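Student: what would the 3D arrangement of this be:
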Amino acid sequence: MASLLEDIRIPVRFKLSALWASLMFCYIYGDYFGLYQPGNLQGMLQGQMGPLGDVTQGVLLGTAMLMAAPSVMVFLSLALSPAACRWANIVLGVAYTVIILISMPGAWHFYMFLGVIEAVLSLLIAAYAWRWPRVAG
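Tutor: Purely as a prediction, here's the structure:
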């Protein structure tokens, strides 16, 4: 006879926070593995940032802002009011899915692999937020 395993219901906020953390790990690993692509380090040493071109304060600030949002959402998914949290997760989940899909064409296989996972994770963020449970009343 199969034994039953104890389980708990995980609140949607915890799921969203964990999804953002997982998404960030995929981003970090994708960027790290990208350093091993031939020419990438040389380009960095020459002040180039891949398809973004010359490294400037503006390019670095824009990139930092782009990556800060998912990082901060790990916390904000737990701290915002339910309505603000729901909409922030829907909007940013969809936005980051689009960003990932735009960046994938022509990418190396490792990046496409991680990109598919990133797209699924960001869509799950939007889906969980969209289906946020209502208070019974």
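Student: following element in sequence after the helix or strand bottoming out on mean pLDDT in the chain, please.
Tutor: Least confident helix or strand, the chain: helix 40-45 with a mean of 87, by mean pLDDT, DSSP states H and E. The helix or strand immediately downstream of helix 40-45 is helix 57-79, counting by DSSP states H and E.
Student: ok, then the element right after that next one?
Tutor: Next along the chain from helix 57-79, counting by DSSP H and E, comes helix 82-103.
Student: now the angle between helix 57-79 and that next one, please.
Tutor: Angle, helix 82-103 to helix 57-79, by axes from the mean of the first three to the mean of the last three Cα atoms, to 10 degrees: 140 degrees.
Student: would you mark the buried spots in the following helix or strand past helix 82-103?
Tutor: Using DSSP H and E, the helix or strand that follows helix 82-103 in sequence is helix 109-130. By 16 or more other Cβ atoms under 10 Å, the buried positions in helix 109-130 come out as 111, 114-115, 117-119, 121-126, 128-129. Where you see a C-beta, it was placed from the backbone N, CA and C, and this is true even at glycine.
Student: you'd agree Leu23 is up against Val120?
Tutor: No - contact criterion Cβ atoms under 8 Å: Leu23 and Val120 do not qualify, at 9.6 Å.
Student: middle-most residue in this protein, spatially?
Tutor: What sits nearest the mean C-alpha location of the chain, by Cα atoms, centre = their mean, is Leu23, with 3.8 Å.
Student: how close does it sit to Phe110?
Tutor: 17 Å (Cβ to Cβ, to the nearest Å).
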